[in-house]
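A structural model of the following input is requested.
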Amino acid sequence: MPMYQLSICYPADAQQPPPAELEQIMVEMNKVGTAMEQSNVWVFGGGLHDVSTATTVREIDGELLLTDGPFIEAKEQIGGITIIEAADLDEAINWARQQSAAAGVPVEVRPFIYGNCRS
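Got it, this is the predicted structure:
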């Protein structure tokens, strides 16, 4: 069955919501996650720390170059990902729609190319 990555997208300058609002978002996101698990589509997923915590690693001519921050400067940032198995893109879009409604932000859907991610 095909896999899809659902990416939670935030504006690059987004601030964490107040605690009560964040708690409600997490309640709604957990409901979607539970529904994914019960439907046997959920493979794995999780949130990411703020983009300011990123380190970019690059090797150039045998030398290691580390840069604080993201590799790509963008208007948006990925706040978390979920990998699902879905029959087709339409089913993946339906799950992304539920996540978007729960989180109040866009969710990008992309086919996921995988190797040995499951035992």
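
Touching stretch 68-75 from outside, list them.
Pro11, Ala12, Val51, Ser52, Ala54, Thr55, Thr56, Gln77 (Cβ atoms under 8 Å, 6 or more residues apart in numbering). Every C-beta, even on glycine, is put in place using the N, C-alpha and C of the backbone.

Check the burial of Ala101 by counting its neighbours.
Counted by other Cβ atoms under 10 Å, the residues lying close to Ala101 total 11.

Which element, helix or strand, includes it?
Per DSSP states H and E: Ala101 is located in helix 89-103.

which residues does Arg58 contact?
Counting by Cβ under 8 Å, 6+ apart, Arg58 touches Leu64, Leu65, Leu66, Thr67.

Could you do Val27 as well?
Under the criterion of Cβ under 8 Å, 6+ apart, Val27 has no contact partners.

hang on, the earlier thing: helices and strands around the helix holding Ala101, which ones?
strand 3-11, helix 19-38, strand 76-85, strand 107-112 (3 or more Cβ pairs under 8 Å, 6 or more residues apart in numbering; DSSP states H and E).

The same query, at a cut-off of 7 Å, please.
strand 3-11, helix 19-38, strand 107-112 (3 or more Cβ pairs under 7 Å, 6 or more residues apart in numbering; DSSP states H and E).

so where's this structure uncertain?
Applying pLDDT under 70 to the chain flags residues 71-72, 116-119.

which residue is nearest the middle of it?
Ranked by distance to the mean C-alpha position of the chain (Cα atoms, centre = their mean), the top residue is Ile81 at 1.9 Å.

Hmm, that one is touching Tyr4, no?
No - here Ile81 does not reach Tyr4: they are 10.3 Å apart, not a contact under Cβ atoms under 7 Å.

follow-up on the earlier one: could you let me know which of the contacts of stretch 68-75 ends up closest to Ala86?
Sorting those by how near they are to Ala86, with Cβ to Cβ, puts Gln77 at the top with 24.6 Å.

Number of residues surrounding the closest one?
By other Cβ under 10 Å, 20 other residues sit near Gln77.

And it, how far from Asp68?
15 Å (Cβ to Cβ, to the nearest Å).

picking up where we left off before, by neighbours, which of the contacts of stretch 68-75 wins?
Top of these by neighbour number is Gln77, holding 20 neighbours under the definition other Cβ under 10 Å.
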